[in-house]
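J.: pasting the structure only:
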Ligand code: HEC
């Protein structure tokens, strides 16, 4: 049976809709390299190694940061903040934490912002950055993890909306 022109047009429409939906999903996956994996024991174990080697000297082996971390030092820089629930690391979606770790706080605060926080671009691979942030998240109590999951979902929804020009 040959399709009438109308029937085949409907077919093409459905196909285009299906392709459009698929590529949006693909783009979402590609553009969120920072999805943290606090439930993946292998990733968390790798992250702990990275944390001890690269982050603990400032943020503390116990993730408690430096004393008086909210008060700027005489040189205008901030001490290292805690990464446990007393800090504000968990206020930021994974993508923001990823960008701060890879490109430094200057990524958001501007190129001339003076900070002791190093940039890890060229030092740690993207996978190691995701691992260390996954380790940090794995230490948070369930309530904070849940709040952070919600922050991640809201940020992903907002990013998807912006990509659609909304
Ligand atoms: C030499 C000290 C130092 C080291 C090493 C260091 N940091 Fe930091 N980090 C800081 C300081 C200081 C800040 C505060 C940034 C500012 O100036 O606003 C900070 C801030 C951050 C923030 C932002 C927290 C927030 O609540 O906004 C993240 C995330 C972070 N560091 C992750 C890491 C990770 C992950 C590592 C290891 C791979 C690391 N840091 C190693 C000093 C350090």
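T.: Okay, I see it. Computed from a predicted model, the values in this text were never measured in an experiment.
J.: quick one: contacts of stretch 47-54?
T.: Stretch 47-54 is contacted by residues 59, 61, 120, 123-124, 128, 130-136, 138 when judged by CB atoms under 8 Å, 6 or more residues apart in numbering. To be clear about C-beta, it is placed using only N, CA and C from the backbone, and glycine gets the same treatment.
J.: and with 7 Å instead?
T.: 61, 124, 128, 131-132, 134-135 (CB atoms under 7 Å, 6 or more residues apart in numbering).
J.: now do stretch 121-140
T.: Residues contacting stretch 121-140 (CB under 7 Å, 6+ apart): 33-34, 36-38, 40, 43-44, 46-48, 50-51, 54-55, 63, 83-85, 89-90, 94, 97-98, 101-103, 120, 145, 148.
J.: can we see that at 8 Å?
T.: Applying CB under 8 Å, 6+ apart, the contact partners of stretch 121-140 are 33-40, 43-44, 46-48, 50-51, 54-55, 63, 83-85, 89-90, 94, 97-98, 101-103, 120, 145, 148.
J.: is any part of that stretch close to the ligand?
T.: Yes: Stretch 121-140 is in contact with the ligand by CB under 6 Å from any ligand atom, via residue 132.
J.: likewise stretch 109-118?
T.: Yes: residues of stretch 109-118 contacting the ligand under CB under 6 Å from any ligand atom: 115-118.
J.: quick one: which of those residues is nearest residue 71?
T.: Of all the residues of stretch 109-118 next to the ligand, residue 71 sits closest to residue 116, with 13.8 Å by CB to CB.
J.: need the contact list for the spatially closest residue to that closest one that is not a sequence neighbour.
T.: Nearest residue to residue 116 in three dimensions, chain neighbours excluded: residue 77, at 5.3 Å (CB to CB, 6 or more residues apart in numbering). By CB under 8 Å, 6+ apart, residue 77 lies in contact with 114-116.
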